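Student: give me a model of this one.
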Amino acid sequence: MFARLFRDHPRSLGMSWAEHGVGAVLIGAKLVGAGLACIIHALVPALFTETAGRTVISLHDHMVKRKAGAANPNAWPDYEI
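Tutor: Numbering: from 1, shown residues only. All right, here's what the predicted structure looks like:
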């Protein structure tokens, strides 16, 4: 049970638990920032007009590069965190 919850997924991506955790926290923080920018943009349309879109594009590029550089890219899902 422990391995399934904490180790199997990171190992399937060729990462340690800590490496996976740091990456997930960084991606999550960027998504939260983009979400907050969207909420502020809803209130004041002149602010953060491109923030969410740039963030999504940047994260997509980051994930595609990580998959391409993986030891076994075919084992990675089309999306990952």
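
Student: quick check: residue 16 touching residue 10?
Tutor: Yes: Residue 16 is in contact with residue 10 according to CB atoms under 8 Å; the separation is 6.2 Å. In this view, the C-beta of every residue, glycine as well, is placed from N, C-alpha and C.

Student: of those two, which one has the most company?
Tutor: More crowded of residue 16 and residue 10, by other CB atoms under 10 Å: residue 10, with 17 against 12.

Student: quick check, pLDDT for the more buried one.
Tutor: pLDDT for residue 10: 86.

Student: do the one 10 residues further on as well
Tutor: Residue 20 carries a pLDDT score of 89 in this model.

Student: over to residue 79?
Tutor: The model's pLDDT for residue 79 equals 65.

Student: ok, for residue 55, nearest residue in space, not its chain neighbours?
Tutor: The shortest distance from residue 55 to any non-neighbouring residue, by CB to CB, 6 or more residues apart in numbering, is to residue 34 (3.9 Å).

Student: what ranges do the helices span in the protein?
Tutor: Using DSSP state H, the helices found in the chain span residues 2-6, 8-12, 17-43, 51-68.
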